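>>> This is a predicted model, with the sequence first.
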Amino acid sequence: MKEIRFENVKKSYGHTEVVKNLNFSIHEGERLILLGPSGCGKSTTLRMIAGLEDVSSGNLYMGGKLVNDVPSGKREVAMVFQNYALYPHMTVKQNIVYALRMKKVPKKEIAARLEDALAMLQLRGLEDRLPKDLSGGQRQRVALARAVVKQADFFLLDEPLSNLDAQLRVSARKELVKIHEKYKQTIVYVTHDQIEAMTVGDRIALLNEGVLQMLDTPENVYHRPANIFTAKFIGAPPTNILEMVYYDKHIRFGDQKMSIPNEWIQHIQKANAREMVFGIRPEHLEIMEEHGENTMYAIVRAIENLGAEYAVYLTFNNEEVIALSPHKEWRVGEQVYIRPNVQHMHIFDMATTNSIGYPEKMVNRVPVFN
Ligand SMILES: Nc1ncnc2c1ncn2[C@@H]1O[C@H](COP(=O)(O)OP(=O)(O)OP(=O)(O)O)[C@@H](O)[C@H]1O
């Protein structure tokens, strides 16, 4: 059993509680991403699993065993940190096998694991170099290899790729997934990079100010955000969150209104929310020159080049909204029409900021991409 379970886990430094009442499980053999803004408690959570920080209260179980008082060295963990320190006076090979020698793993076994790691992380030919004679990316791969050869049940990574350039990050991500498919350790991976979270994670645990916001698959975190924070944090540009009123089978924004599918009408009527807010991602908001079915007017304020497409900033019902457009042929100050794709809308309870959920027909549907 390589499961990790948090039961009412809290962590405080002095009077400041930085991790608040975590209750969740990390399944055996999954790649779980701890994601969230700077200072949200990701590293602290990982360090508690590693045994490098005490749990202030609550229980932490690893492999079914309560580990609150188990020292780091006895936890079957391998770790890679952002500031991986390689031993400068040891060669690549010596760095990789050092921990195995200390643990008195048989020589033959060490040689086999070393071969495996060198091949997988494309380090063949560099075995005898010192760290100072390696590039940043190569050093990072040595740090990964050093952790991989331990074959620990739990593989803990804290921003392991943050020192790499964009291209190397992509290949390192793929290597990591390959390593995992081979060894099937339970991986806990800290990042603040959403793309990394989406591409590496089986599930994402999103934290904000020490509170778990959502724990689900990358698809659900993106398409079915549990609350406003999740909707805004995941995706760039962020989800538009707009004031709305539901009245007479329509969603109204000031003096404009939009019709919605029957299943949403029933769902909203059943929801026990007094005031609601509307969410729509920029990619699900179409801009048109002409008035059409279910369109509402807005004014263009600015256009930003994102490379593959353009972010168009608009004023709509006295609020700023962002829509994506394949072209930039919009004039600042002109009136245009916008149409939210109602298949992709989100509604949140204003009081709790939680999603009111989705009509059943939509929940069971594989997300539809435009
Ligand atoms: N040893 C410590 N003493 C006091 N406060 C600490 C200590 N370590 C962390 N903190 C505080 O705890 C909070 C959470 O820190 P943590 O490093 O877990 O955040 P993080 O989500 O990993 O952030 P980042 O992405 O910036 O690394 C922060 O406000 C941080 O300042």
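Looks like it came in fine.

>>> can we go C-alpha only for contacts and neighbour counts from here?
Will do.

>>> Strands of the stretch 51-200 of the chain, residue ranges please.
Taking DSSP state E, counting those that start in this stretch as the test, the strands found in the stretch 51-200 of the chain are 57-62, 65-66, 77-81, 154-158, 186-191.

>>> could I get the ones you listed as TSV with distance to Asp202 and mean neighbour count?
Listed next are those as TSV, based on distance: least, Cα to Cα, whole Å; neighbours: other Cα atoms under 10 Å:
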stretch	distance to Asp202	mean neighbour count
strand 57-62	19	18
strand 65-66	24	14
strand 77-81	19	22
strand 154-158	14	25
strand 186-191	10	25
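
>>> and of those, who's closest to the ligand?
strand 186-191 (7.1 Å; Cα to the nearest ligand atom).

>>> Please name the nearest non-neighbouring residue to Gln256.
Met296 (6.4 Å; Cα to Cα, 6 or more residues apart in numbering).

>>> Pull the distance from stretch 6-24 to the chain's centre.
How far stretch 6-24 lies from its chain's middle: 20 Å, per Cα atoms, centre = their mean, to the nearest Å.

>>> Next: stretch 327-336.
34 Å.

>>> how close does the closest residue to Gln138 other than its chain neighbours sit to Asn95?
Residue nearest to Gln138 in three dimensions, not counting chain neighbours: Leu123, with 7.5 Å by Cα to Cα, 6+ apart. Leu123 sits 12 Å away from Asn95, going by Cα to Cα, to the nearest Å.

>>> List the residues that are in contact with both of these two.
Val142 (Cα atoms under 8 Å, 6 or more residues apart in numbering).

>>> Show me the shaky parts of the stretch 51-200 of the chain.
Judged against pLDDT under 70, the stretch 51-200 of the chain has no low-scoring part.

>>> got the buried residues for stretch 335-349?
The neighbour-count check on stretch 335-349 (16 or more other Cα atoms under 10 Å) flags 335-342, 344-349 as buried.

>>> Mind putting those residues into JSON lines with secondary structure, distance to Gly73 and pLDDT?
Formatted as JSON lines, these follow (DSSP: H, G, I helix; E, B strand; the rest coil; distance: Cα to Cα, whole Å; pLDDT from 0 to 100):
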{"residue": "Gln335", "secondary structure": "strand", "distance to Gly73": "64", "pLDDT": "97"}
{"residue": "Val336", "secondary structure": "strand", "distance to Gly73": "62", "pLDDT": "98"}
{"residue": "Tyr337", "secondary structure": "strand", "distance to Gly73": "61", "pLDDT": "98"}
{"residue": "Ile338", "secondary structure": "strand", "distance to Gly73": "58", "pLDDT": "98"}
{"residue": "Arg339", "secondary structure": "strand", "distance to Gly73": "57", "pLDDT": "97"}
{"residue": "Pro340", "secondary structure": "strand", "distance to Gly73": "54", "pLDDT": "96"}
{"residue": "Asn341", "secondary structure": "coil", "distance to Gly73": "53", "pLDDT": "95"}
{"residue": "Val342", "secondary structure": "helix", "distance to Gly73": "53", "pLDDT": "94"}
{"residue": "His344", "secondary structure": "helix", "distance to Gly73": "48", "pLDDT": "94"}
{"residue": "Met345", "secondary structure": "coil", "distance to Gly73": "48", "pLDDT": "96"}
{"residue": "His346", "secondary structure": "strand", "distance to Gly73": "46", "pLDDT": "97"}
{"residue": "Ile347", "secondary structure": "strand", "distance to Gly73": "47", "pLDDT": "97"}
{"residue": "Phe348", "secondary structure": "strand", "distance to Gly73": "45", "pLDDT": "97"}
{"residue": "Asp349", "secondary structure": "strand", "distance to Gly73": "46", "pLDDT": "96"}
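
>>> Closest one of these to the ligand?
Nearest to the ligand among those: Phe348, at 25.5 Å, using Cα to the nearest ligand atom.

>>> What separation do you get for that closest one and Pro238?
Going from Phe348 to Pro238 by Cα to Cα gives 15 Å.

>>> what's the answer for Asn227, then?
From Asn227 to Pro238 the distance is 13 Å (Cα to Cα).

>>> more crowded one of those two?
Each of Asn227 and Pro238 has its neighbours counted (other Cα atoms under 10 Å); Asn227 has more, 22 against 17.

>>> For that one, which non-adjacent residue is spatially closest?
Nearest one to Asn227, counting by Cα to Cα, 6+ apart, is Asn354 at 4.1 Å.

>>> quick one, phi psi at the one you found?
Reported as degrees, to the nearest 10, the phi and psi values for Asn354 are phi -80, psi 150.

>>> Next, count neighbours for it.
19.

>>> want to throw the strands of the stretch 51-200 of the chain into CSV with distance to the ligand?
Output for the strands of the stretch 51-200 of the chain, formatted as CSV (distance: least, Cα to the nearest ligand atom, whole Å):
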stretch, distance to the ligand
strand 57-62, 16
strand 65-66, 22
strand 77-81, 11
strand 154-158, 8
strand 186-191, 7
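
>>> Go through these and name the closest to Leu118.
Counting by Cα to Cα, Leu118 lies closest to strand 77-81 out of the strands of the stretch 51-200 of the chain; the figure is 16.6 Å.

>>> which residues are contacting the closest one?
With Cα under 8 Å, 6+ apart as the test, strand 77-81 has contacts from 50, 143-144, 147-148, 150-160.
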